[in-house]
Every structure is written in C-alpha cells, then in structure tokens.
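[1] sequence? don't have it. structure:
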C-alpha cells in the first residue's frame, strides 16, 4: 500500500506542477493577485507529495520489497542498510526522483522564505520552476517510473552495481544534485525577470545567495566525486576529464562566473543583462549535464543508464528549455534597464575579466566534451578527447585568471588604481617568488614548470591572506584592535578570501602531485619489501575476508619509515557475489594530513605474490582540502545577510585609509 | 562596431554602452591619468574580450589538431603504416588464450575484432573487468617492433556495459549481438 | 479500501492548495513593482547607518554608499510615479472569468487527471511485499527460490555450516546458478574436506559457469578427484574434454579411449565420449557410420560443451545406477550410501531415495554411528522419519 501511495503522490505532484506552470505566470502577467497567491502553497504541496513518493521508495528499499521492479534491479537483501538507502538514487529512476525532490524543495524554500520578494516575481519564478518540475515528472512517469511492480515478486534482487556501493558515491549524487538543481532557482528568477520585463532590486539581492548555496554544494559534490574516483577506481587519479566529470564541471565554472557577476549586480546594479544570461547558461549546462549522464550518450565510467527512448525525451527537454530560454532572452533582454557604469580598471572590471575567462574556459570544456559526439554523428569517425586537450586549452586560460585573482579584491569599485594595488602586492609577489626559488632549488632546474606552479599557488594563497590582513590594518591600529577588526569583518570578505585561498590550495595539491609523485608497478611476494619516497612497505601476504555481500582478498602491508613501523595498509581485491563483479579497494595511508601512500592490488599470482601499483602522493589531500575551504568560504558569505551596496571610493589617495568598509 | 562572435561573451560591452547616465561619470578618474572617453572604454573592453577569445580559439584549434586520439579496430591498423608515435585507441575483444603475464605487472595480450588481431604489451594493473573474450580499449602507440605499446587499458565496466566504440566496431563486423 | 481513502486525502489536500488561495479576496491593490525596489533601497540605507554606528565602515565610505543608494532610490521613485495601477471594470470582469476557470481546472483536473494517470500506471491491487514478511510465511507451497533464500539466510548467519553448503550446492546447479554452485562446493570442501564427489561437482559447476570450457581451476579440481578415486568416470571425462579443448589431440584420444575401456555399454557418457573421439577423427566401432564433420576448433568446443551439458543429467544417472549396483552387490561405507542418497535427491527421485534409505539402514545395521549419519542426512533431505 505504501508503494502505491508513493506512486499516486508522484502522479498528483505532476498534475499540480502542470497547474503551477500556468496559473501563477498567468496571474503575474495579468496582475491578478489571487492567481499569483496560488504559487506558494502549491509549491509546498508539491514538495510534500514528492517527499511522500521518495519516502515510499526508500521504504521499499529498506524492507527489500522485491515486488517493485526498481528494487529488484538495484538492491539485494544482504546489502548493508546504508547502501539500501543510497541504492535509492544509485540508479536511473531513483536518481531522477531525487533530482525532482530537490527541485521541488527549492521551490518550497522560495515559497517559505521569499516573503520580501515582490509578488509578481515570486509567482513567475515558482511558475517557471513548475515548468521544469512538470517536464521532469512527465519524463519520469513516461519513461522511468520507479514505482512499477513485478508480479510475481522475485525472491532476491540483482544488487546495486558494486562500484556504487561506497560511502563516497552514496553522498556524491545528492550533493551534486543540490548544486545542479540549486541553479534552477536562479534560472527561474532570470526567466521570471524576462517575462516581467524588469530586473528588480530584489532580484539582484536574491541571485547571489541562491547561487552561493548551489555553488557550495556543487563544489562539495565535485570534490566528493573526485575523491571517490581517486580511492575506488584504483588508478590513483583524481580527475580524468571524463565527459561526466565535465558535465558537472561546466555548471561549476559558469556558476563561479555567475557568483562574481551577481556581486557586481548586487552592489553596483551593473551587468544585469549579462547576469540574466549567465543564470540561463548555468542551468542550461546543468540540464546538459543531466542529459549527458542520463541519456547514456557517452562512453564513461559513470554511465549506468542506457536507453535511446529516454535519451530522446531528455534531449527534447534540453532543447525546449535551453532554446526557449535563450529565445526569450533575445526577445526580452533589450527591454531590461541597465545599471551603473565603471572604468575598465576597477573592481567591476576585474570581475568582468573573471567572467570573460571563466566563460571562455567553460566554452573550451564544452567543445572538448561535445566535439567527439558531434564528429561521430557527422562523420562516423570516433575520437577521444582526453586530458592533453584540456591541459592545453583550459590550463592557459586559468593562468591569467589566477594571476589577476589577488588584484581583484584590492581594486576599488567603479575606478581603481592598478599601480597602487601593485604596490600593495609587492610582499605577496616576493613570497611567491621565494616559494618558486625554494622549489627550484630543492627539486632541481628540470622541474621548472613545477616551481612556476608552486609560485602561482603561493601568489594566490598569499594574495588572499594579504587582503584579509590589510582589512585588519594591524600596522595602523595595533594587534588587539586589528584582531577585533578581523573578527568583525563581514562574512563576505572572509568568503572571498577563503574562496580564493581554496583555489590556491587545490592548485598547490595538483602541482605537487603532478610533479613530485612517485609511482611503482611491480610484482611482490610475501616477505618482500618495496621502497617508495621515505617509506618502506613490507608485504605480509594475502588473506581472505568475508563481508556482508562480498569476499575480499586483503593484502597486508606494514609501512616503515627509518626502520620504525608507522602504519599499515590493507588494499583488497573485492568480489561482489551477487553480480560476480570484482572491484579494487585501494589501501591509502595519510601522513601528516597532506601526503599519502597509495597501494592497489592487481593480478594475484598462484605463489601468493601479487602485482601492485604503489604511489607516493605528496600534498595530494590539498586538492580536496582546497575545495572544502572554498565551500566554507561560501558558507560564511551565505550567512552574511546584510544588504550590500558597493560605492566608488571618495578620493583615490585616501583609498587605503577609507578601506573597503562599504562592502 | 563589431561584436565579438560568441554570444557567451558578446553581450556585456554592448549593453553596457547603453547605460543612461554615463556622461556624468566619465572622466572623473581621480588619478590624474589621461581620461578615457566612453568610446575608449568600450574599445578597451572589446579588445580584452576579443584578445581572450582569439587566444582561446587558437588554443582549441591547435589542441583539436594535435591532442585528440582516434579510435581504431585491429582491421583498421593491421597492414597500415601509422605515422610514428601517433596515439590511438585500439578497441576489440581480448583474444581467448592470448593473455600472458610477465614479471612486474607486464602483460601481453592480443586484441581482435575476429578478423584481424593486434598484439599488445602493457605494464601496469589491468582493470578489474579485464577478461579474455571481453571488450577492451587500449590506448597507446604502435611501435616498429610490431607490438602495440599501451599505457592505458580500459575494460567494460559492468555486465551490461561494453565500451561504446567497441560495441559499434564489432557490430560493424557482425560479431557482437547486444540488445539495442 | 484504505488505499483509496489515502488517495482521497492526498487529492483533497492538493486541490485545497490551489483553491484556498483563490478563495481569499485580493486584499490590497496590485502593488507597483518599482515600489518594491524603493523598499529594498530604504532598507539598505538603514543598514548603512547601522554599520556606521557599529564602526564597521568609515564615515567616508558610508557617505559614498548613501549617495549611491540615494541615486538608485530616486530613480525607482520616479519610475513608480510614472507607472500606475490601471484596473478598470473590464479588468475586473476578466479577473472573475480567470478565477472561475482556474477553480474549475483545480476541481476537475486534480482528481480526474491524477486518478486517470494512476489507473494507467499503478497497481492498486498489489500489496507491499517486504522480504522479511514473505520469508516468515508458513513453509507450505513455497517455491524453490524461496526455500533457497531461506537456506542462504541461514548460511549468511552461519557461514561455517559445511553441510548447509553441501546441500545448497546441487540445488544451485539445478537452478542454473553454476557460479554460486561452484562457490558453495568450494565452501563445503573448505569446511568438510576434499572428497571426490565434491571436487568433481565443483569442477563441473566451474565448467558450466565457464560456458563449457574446462578452466585451469576446474581441471585442478578434477585432477584432485582422480587422485582420490582413480577409477572415477566423471572427472576423467572432463579431463579428457579439457585435453580436447586444448588441442592436445594425441593425449585426448588416449584419454577418451581409456575412459571408453571402462564403459559397460549403453551409458550416456560413453556415447558422448565416442562422439568426441569421432570429432577428433578417430573411428571407434560404434561411430564408424557417423560422419565426422571437420570444422574450426571454436565450433567443436561449443558443440562439445553443449553435448556435455545436455548429457550431464544422463551422466549422473548412469553413475548413480553404477553406484547403486555396486552397493547392492558388495555393500559399502556410510559415505557411499550418503553419496547415493544425495545424488538421488539431486535427481529428484524421491521414491527410490526412500528405498535406498531403507536399504542403507539394513546394510549398515552393525554400525550405529553410520545409521545415525544416514538418518541425519535423510532428515536433511526431507525424508526424516
């Protein structure tokens, strides 16, 4: 009965979303308040209904109800409870349900907390959100219904794809979806603004926090997925420029641009039209990502749904939403009023440069992702565009962005003085140069690129620190007042600094791993030892271990440093019995929080020996720590609830003294 | 005025130019440097955007020329002289009985499309689902010694999934009967 | 019934979400959007003052911010005055028409649309079927898979129960789950020790799981079985098949010949062996007439494995008959009797199984421990008395 209630609730939600698509928008266009008033309660009701559906499906997974086809195909009674729950979204139908749940959740949040949004804007926004909801619910009911039943019910399920039975991957999709779908609200706001023909001051206020929220989750989701690939796939790689990774990376890049243009719009009222376009593009890229993953058009480690009917349907959604919103933009954007004006060298100008580089980089990633598909459709030639392409295109675009990054927060609004800012960055440049020289001296001249990379990372990190320190003005006000000022700095200032520092940390991790990691591939027998970096690994042998739904062949390594045992690593070959599918469980040991020794087992030999792949990865965890720092910056910025406005500096010479207080 | 070609980057300078109250603000640059007119500002922005775009387009074209890897089946490359050092992705089935394991994770096997087969040598750990008779994609270089030196080997990722190129190449040869 | 009550409640709630806000009268005049902007700007001005009081910004910066906000505020004010609300009589009539239409839509579309779509997709008659509840149902009329699930559950809790694995393995074989059967036999061998039957059956399971190819692992199992029981036919049959598959023609021919030398005549496996020989191009007396079709080795392998599979049951049967005859003639150990019982169980010959249990009790009556063992097994096989 519970399952059928869930099914009915989902259908009811679809009917409501159809009403929501029409009624409030109609009210907003005709100025009919009663029709507009329908939007918030219906948004809440849709959330309730989809929530019931999601709870019902989760319940079916929990009790292993194999009368539900979706449960049979993706669960197993012996699976640990955690993976029964995460199995709900470890498959096509369930992940769509989660997608829609988050979509209606955002609608309900706008309905609940958007009291100070003008009524027309709120109604139109929720109406647009209703279009997206209706499209995806129709897609689900027509091609991917998770509530279809099996009769007679099988006694056992097929199990979740073992590669997905992992804590990291369990929380990766929800984070990613909150990110993807969070941009839907910004998109709905943008489309609503186009429909109403005006960008309200409130619109400007609302875009940044919602973008921040979505961006924060997307950052965490991408980092989680990257770490998952790192330890689960057993190759020791953290980023493959795989199309599915790109599918989440493109909205992130566009979202980062949006985040920065929203600042200009919020504080200075400029770049409104551009921000509307970015909002549309960001969500369009999220939809494209959903399409690439869900339609199975890609050859990719993530492809777990392949069905041409679904692909066509979701391609239709994609074309209608992206094409429709861009057409609406072309038609209505000229009617939107422009805001403030600024000089090329100014905070706004820096943010524009950021937007320019980020959007062009997004375009490069987009081309690299779609070109193989297009070429295959057009010429039947099959190619793969791998890391070399992206390193050559994306990399060089990031360098000016990172070089310019420390300048941005120091520049004044409206018109800035580049030379003055340059003077203030002398110390930072000195530190960066020092880092570069030390690296070159320690690692030798042949690692010159690595030294440059370390220098760039130091430049970005120290630049962020310098910005915070200069706001505290220790030199002028003394230590205690300076600290007080530091504590009293607005959250958004900390957010900027942490966001930029996080990028620097991630860059440092990437440079260190690419340039200084050590790798060995060898056959090892019990009793033998192998050296890597400062560590020596003694192989004790393989032992069999039985888990709830798998069997492990665990290799035991004792790790010594200078003759002292410092850690153990237990990599394993795992066989999931229901699907007879092997996976590799890497053994990873972290030293000093930052560097890792990474062992994975390949072929096991008859004499008890094993082929192993062994890495020493210096500073590797910085890659993900940087992402955490960025996300934390976003949290701080998000809780900065003050109304914000940016003003030009009163007089250029007094710039330092006046500080950036008005932010 | 010429707009930059890409819609993604072409809007703000044009729209910015429409700002209504600009005259009062222009020229109040307090640094005593030469004052910029509205037109100069616009040109600066357009030049910056155009410069970035030109660099990006050049990079993408160069990368697409040099850095992409073509997918080939054994029949495509047997008997043909490939340019020295050209990377390709070789796809097919691992030939039954062809896998030989050497020391220190060196492995030799043959990739076949049932018409021709190519000998592959690879040092490293094979993917979990690498098996004889199953689909595989090896990325690397064909060397003068007649061996394909792979530096990356991908296998199909679950029971129902075969690398897409492999499935299609084999379908072309009439071997693979996947459900479609 | 409860189901439809739940549906009704949800439907009513959904309809109310639309109807209640519609029913409220439009309390105030349509607000002019620009006034909202003015509200936002006024709030911003107050915020700047508060920041200044808390010392967060300098007076100069505050003044600059105020100027900026004031500029925007004035612009918003001007715009608000230009646009006014223009609701005339005609507008009111249109509003009423819109209201009625939307109310009608909500009343009709919500219940009708939802129920129609549900009847198309849903299964209102199907109850929930949580696995735990299904397994607790009484044993009568349970399907084989359910019984297997129950044993699997037992074994998941007691993985050290070797007998359980030994019982489950042949059942897996019968269900076509050869890989599971091989794993179960492996567990039984690990826990109960190696014996020719288990090794042979495990090897066979591996062969079936491997589409009829005798892998190195299977081959090792058969070799162990032969070492333990030199004359055993089945492992030798598969070893000969392995030689055939490896194209070691001379050795294969020798192996098949040796196997056929033990044939009493009429056994199914002997027939299969002769066929294999024929394919290798060796004519035996019986197959002289049969045409040998030369072909590529892959086809041979496939044919051979198919043959092996279709004849498997027959082969077991012939072995059972042989064992039965031997036990009837010169008695045998408890293990022999138990092997026969298990084989009959796998073949599903219940009557004969009961008869054999009785005969075993008679033959082993001098050995109480053996009788107890047989009784125990009989109970496990569902023939307890």
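    Arrived safely. From a predicted model like this one, the values you see are computed outputs, not experimental measurements. Residues are numbered from 1 along each chain as shown, chains lettered A, B, ... in the order given.
[2] and the host helix or strand of residue C:147, average pLDDT?
    Assigned by DSSP states H and E, residue C:147 belongs to helix C:144-157. What helix C:144-157 shows for mean pLDDT is 75.
[3] ditto for stretch C:326-345
    77.
[4] stretch B:115-127: end-to-end distance?
    25 Å (CA to CA, to the nearest Å).
[5] if we can go back for a sec, tell me which residues of the helix or strand that the helix holding residue C:147 is followed by are tucked away?
    Using DSSP H and E, the helix or strand that follows helix C:144-157 in sequence is helix C:162-175. Buried residues in helix C:162-175, defined by neighbour count with 16 or more other CB atoms under 10 Å in any protein chain shown: C:162, C:164, C:165, C:166, C:167, C:168, C:169, C:170, C:171, C:172, C:173. To be clear about C-beta, it is placed using only N, CA and C from the backbone, and glycine gets the same treatment.
[6] between these, which is nearest chain B?
    residue C:172 (18.8 Å; CB to the nearest CB).
[7] isn't the closest one up against residue C:180?
    Yes: Residue C:172 is within contact range of residue C:180, at 4.5 Å (criterion: CB atoms under 8 Å).
[8] strands of the chain, residue ranges please.
    This is for chain A. For chain A, applying DSSP state E gives strands covering A:383-385, A:518-524, A:529-532, A:535-546, A:550-561, A:564-569, A:572-576, A:581-585, A:587-591, A:595-604, A:610-617.
[9] right idea, wrong chain: chain B
    B:68-72, B:87-94, B:100-101, B:106-112, B:117-123, B:135-142, B:148-155.
[10] residues near residue C:260, how many?
    When counting by other CB atoms under 10 Å in any protein chain shown, one arrives at 18 neighbours for residue C:260.
[11] identify the residue nearest the geometric centre of chain A.
    In chain A, the centroid-proximal residue (CA atoms, centre = their mean) is residue A:218; its distance is 2.6 Å.
[12] go ahead and confirm it touches residue A:248.
    Yes: Residue A:218 lies in contact with residue A:248 (CB under 8 Å); the separation is 6.9 Å.
[13] quickly list what's touching both of those two.
    A:176, A:179, A:180 (CB atoms under 8 Å, 6 or more residues apart in numbering or on different chains).
[14] rewinding a little: need the buried residues of helix C:162-175 in JSON lines (columns: distance to chain B).
    Output for the buried residues of helix C:162-175, formatted as JSON lines (distance: CB to the nearest CB, whole Å):
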{"residue": "C:162", "distance to chain B": "30"}
{"residue": "C:164", "distance to chain B": "28"}
{"residue": "C:165", "distance to chain B": "25"}
{"residue": "C:166", "distance to chain B": "29"}
{"residue": "C:167", "distance to chain B": "28"}
{"residue": "C:168", "distance to chain B": "23"}
{"residue": "C:169", "distance to chain B": "23"}
{"residue": "C:170", "distance to chain B": "25"}
{"residue": "C:171", "distance to chain B": "23"}
{"residue": "C:172", "distance to chain B": "19"}
{"residue": "C:173", "distance to chain B": "21"}
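[15] any idea which of the residues you listed is closest to chain A?
    residue C:172 (12.0 Å).
[16] let me see the ranges of the helices in chain B.
    B:11-16, B:22-25, B:38-66, B:74-77, B:164-172 (DSSP state H).
[17] elements contacting the third one?
    Under the contact criterion of 3 or more CB pairs under 8 Å, 6 or more residues apart in numbering or on different chains; DSSP states H and E, helix B:38-66 touches helix A:347-379, helix A:387-404, helix B:11-16.
[18] mean pLDDT lowest for which of the ones you listed?
    In terms of average pLDDT, helix B:11-16 trails the rest of those, at a mean of 38.
[19] residues near residue A:102, how many?
    Neighbours of residue A:102 (other CB under 10 Å): 21.
[20] correct me, but it touches residue A:181?
    Yes: at 4.4 Å, residue A:102 and residue A:181 qualify as touching, with contact defined as CB under 8 Å.
[21] can you name every helix or strand that the helix ranked longest in chain C contacts?
    Taking DSSP H as the criterion, chain C has its longest helix at helix C:89-121. The contact analysis (3+ CB pairs under 8 Å, 6+ apart) places helix C:89-121 against helix A:2-30, helix A:33-37, helix C:2-23.
[22] nearest to chain B, of these?
    Nearest to chain B among the helices and strands packed on helix C:89-121 is helix A:2-30; the distance by CB to the nearest CB comes to 24.5 Å.
[23] show me what that closest one is packed against.
    Secondary-structure packing of helix A:2-30 (3+ CB pairs under 8 Å, 6+ apart): helix A:33-37, helix A:39-62, helix A:119-143, helix A:167-196, helix C:2-23, helix C:89-121.
[24] in chain A, what residue comes closest to chain B?
    Counting by CB to the nearest CB, chain A gets nearest chain B through residue A:602, at 3.3 Å.
[25] hmm, back to that, okay, buried residues for the longest helix of chain C please.
    Within helix C:89-121, judged by 16+ other CB under 10 Å, the buried ones are C:95, C:98-99, C:102-103, C:105-106, C:109-111, C:113-115, C:117-118, C:121.
[26] ok, of those residues, which one's closest to chain B?
    Of all the buried residues of helix C:89-121, residue C:121 has the smallest distance to chain B: 24.1 Å, by CB to the nearest CB.
[27] need the phi and psi values for the closest residue to residue A:621 other than its chain neighbours.
    Nearest residue to residue A:621, sequence neighbours excluded (CB to CB, 6 or more residues apart in numbering or on different chains): residue A:594, at 5.3 Å. The phi/psi pair for residue A:594 (degrees, to the nearest 10) reads phi -120, psi -40.
[28] give me the below-cutoff pLDDT ranges for chain B.
    Residues of chain B that meet the criterion pLDDT under 70 lie in B:1-38, B:156-180.
[29] now it against chain A: closest residue?
    residue B:125 (3.3 Å).
[30] distance of that residue relative to residue A:519?
    Going from residue B:125 to residue A:519 by CB to CB, to the nearest Å gives 11 Å.
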